[in-house]
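K.L.:
give me coordinates for this.
(one chain, ligands or ions: 1)
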Amino acid sequence: MRVPPSPDRQRTITTGLAPLAGRAFLPTALRFSPQLRQGLLVTGLLALLAGGGRIVAPLSIQRAIDAGLAPGTVTPAVTVGGVAVLVAGLSSLLLNRRLQEKVENALAGLRRDGLRRVHDMAASTADRVPSADLVSRLTSDVDQVTTFLQGGGIQFVTNSAQLLIAAVIMSVFSWQLAVPVLLLSALLIGTMTLMQRVIARRYAQARRELSRLQSVVAESVAGAPVIRSTGTAARAARKLDDAVDRARDSLLRTLVPLHGNTALGEVTIGVMTVTVLLGGVWFALAGDPARPRLSSGEVVAMVFLVTFFVRPLQFLVQSLGEAQNALTGWRRALELAATPREAAGDGPALPAGPLGVRMSQVSARYGSGPLVLRSVSVSIEPGEHVAVVGRTGSGKSTFAKLLTRRVLASTGTIHIGGVALDRITSLAGRVVIVPQDPFLFDATIAENIRLGSPTGSAAGEISRIMGDLGLDDWLSGLPDGLDTRVGLRGERLSVGERQLVALARTALAGPDLVIFDEATSGVDPATDVTVQKALAILTRGRTSIAIAHRMITAETADRVLVFDGGRIVQSGHHSVLATRPGPYSALVDAWRTP
Ligand SMILES: Nc1ncnc2c1ncn2[C@@H]1O[C@H](COP(=O)(O)OP(=O)(O)OP(=O)(O)O)[C@@H](O)[C@H]1O
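P.N.:
Below is the predicted model:
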């Protein structure tokens, strides 16, 4: 029987992130946001003044009442109380601004770190981790914290300080009255903690559903043309509705314990106030009237103190749910930022010149899916031109992705230029892949080509490369030549033209192993010939691997590798393989059939 993975394990599978344990939260948060640790003394002092300042007023009133409101006692009491309230207000303002600034800076840093991680992952592990999911997850997580802060959450610190100070002073005044208040609070906090666990679990689920909803929406917007052309709008709408319903239901499920918690807090707080009021009066009147156990000033002060204790408690009760959500958001954002980077290789530098490839017994899979490459062993000599062919889904692209580390081998070893792939520090500039449909930025052709060189390059060099690759004629047919803007994702160019730009970009990078994924469709015959010629010039003196969908590419290669079911089933020159019965000759027949 297949055991379903635990929720955490499931999360790791679907997002590629390791969950952050509760006790690791604070150290990780401080590691990523050191500014939270800086100036703690000043923050603590301000919290003390903001929380304690207000409590001075009831204490001075108590003094004045107990002095029988005699002349000369009221004015100082009012002055002290007034100054204390002013100091408290000012400290509270400074503290809130300080905390807001620190937390916003911390969040901005976290957002930056998280996005960098997504970017790194997209570059190296796009096929293992869904980047769009991670970005929407990070955005909503950080927004959750910001929403909490903007909703007054920053006063959490002032309120906590006030709560603590009021509790201590109440206990000093009358422990007999403070005990029931503290017992009720303990009961309240205990029950709320249990409820919070339920809320946290349900909220985590709700946030997963919201992330899922965002992905479904993004997918349906991006795929709108396909949905329209295939007439599957109803199915897409059902999927969207289902995601909306699931998000709504999961949010509704958090409301019951959330409101239950608030109601519980309100009731307990009411009981506390009545207890102190009645208990205080009874206590003051009981016993010897000449020596009351509690003076009238103290009873009044106690009632005030309970208010000062109760108000922040009420605030904390009401915002604990949001605080919990914000913490969950923060923790999840940290999970992303703290995902370990793949260790940089420590191997020797790659040798200069064309790079050979050696694969031995390599198997690969996507996530926890089935093996899509099985025991692939092959040796490609430096400077050799290899064409990789096979039916769709036979593993050709996965083979190419292994060489650029976008997919990691499950078993087996890969060497490039004699260095184990996982020990190579950087493949940048040495191993370059030209995909079927290259990504172009919304800029000019020249700017897109310039990306091939990290240090940038002069216009003259780009023009020379265009000439070398035989692209001058194509370029002269464009409205602004090299300065032609390509549009969003290069949509103003055809797929073949996008490949031409990518080939020029690759030529500028000057790699020693070029992997070319031939476009399967959308290339007109004239552009196709230009692409083939440019590719032949580009790969001269370099090792090349072309994932071929046309016979001409296979015919002109030094060797053809035939993939089937994730294995290399034939290897040899086209002229030899084409005459032998087998998958390749079947493919050649298919190519020849008009
Ligand atoms: N990102 C992915 N996640 C999960 N499975 C994948 C992913 N990419 C490819 N596969 C699966 O791996 C297998 C091999 O795919 P691959 O893209 O390597 O084949 P291919 O020969 O290049 O196909 P094509 O010619 O259609 O591009 C297929 O069964 C495919 O469904």
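
K.L.:
hmm, who's touching stretch 443-454?
P.N.:
428-429, 440-441, 456-457, 459, 462, 465, 475, 478, 480-486, 490, 501, 504-509 (CB atoms under 8 Å, 6 or more residues apart in numbering). Backbone N, C-alpha and C define where each C-beta goes, glycine included.

K.L.:
correction: the previous question concerned stretch 561-569.
P.N.:
The contact list for stretch 561-569, computed with CB under 8 Å, 6+ apart, reads 371-378, 386-391, 394-396, 398-399, 570-571, 577, 582-584, 587.

K.L.:
near the ligand, from these?
P.N.:
372, 390, 394-396, 398 (CB under 6 Å from any ligand atom).

K.L.:
next SSE downstream of the helix or strand hosting E322?
P.N.:
According to DSSP states H and E, E322 maps onto helix 296-337. In the C-terminal direction, the helix or strand that comes right after helix 296-337 (DSSP H and E) is strand 357-365.

K.L.:
that following strand: which residues count as buried?
P.N.:
357-359, 362-365 (16 or more other CB atoms under 10 Å).

K.L.:
does that strand reach the ligand?
P.N.:
No - interface with the ligand: strand 357-365 contributes nothing (CB under 6 Å from any ligand atom), its closest point being 8.0 Å away.

K.L.:
from the chain's centroid, how far away is that strand?
P.N.:
Centroid separation between strand 357-365 and its chain, computed with CA atoms, centre = their mean, to the nearest Å, is 31 Å.

K.L.:
which strands and helices sit next to the helix or strand just after it?
P.N.:
Following strand 357-365 in sequence order, the next helix or strand is strand 371-380 (DSSP H and E). For strand 371-380, the packing partners by 3 or more CB pairs under 8 Å, 6 or more residues apart in numbering; DSSP states H and E come out as strand 357-365, helix 396-403, strand 411-416, strand 567-572.

K.L.:
buried residues of strand 371-380, list them for me.
P.N.:
372-374, 376, 378, 380.

K.L.:
grab the two from those residues that are most spread out in space.
P.N.:
Pairwise distances across the buried residues of strand 371-380 peak at 20.1 Å for V372 and I380 (criterion: CB to CB).

K.L.:
re the thing from before, select only the buried ones of the contacts of stretch 443-454 in ChimeraX?
P.N.:
A single ChimeraX command suffices to select whichever of the contacts of stretch 443-454 are buried according to 16+ other CB under 10 Å:
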select :440,457,462,465,475,481,482,484,485,486,490,501,504,505,506,507,508,509
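
K.L.:
how is the protein partitioned into domains?
P.N.:
8-172+322-342, 357-592 (the TED database).

K.L.:
what would those look like in JSON lines with mean pLDDT?
P.N.:
JSON lines is the format used below for the domains of the chain (pLDDT from 0 to 100):
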{"stretch": "domain 8-172+322-342", "mean pLDDT": "77"}
{"stretch": "domain 357-592", "mean pLDDT": "89"}
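
K.L.:
report the contact partners of A337.
P.N.:
32, 110, 113-114, 117.

K.L.:
ugh, wrong one, I meant R311
P.N.:
Contacts for R311 (CB under 8 Å, 6+ apart) come out as 159, 162.

K.L.:
show me which residues of the stretch 151-300 of the chain are close to the ligand?
P.N.:
Counting by CB under 6 Å from any ligand atom, no residue of the stretch 151-300 of the chain lies close to the ligand.

K.L.:
as CSV, the helices and strands packed on strand 371-380 with distance to A64 would be great.
P.N.:
Below are these laid out as CSV (distance: least, CB to CB, whole Å):
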stretch, distance to A64
strand 357-365, 79
helix 396-403, 80
strand 411-416, 83
strand 567-572, 93
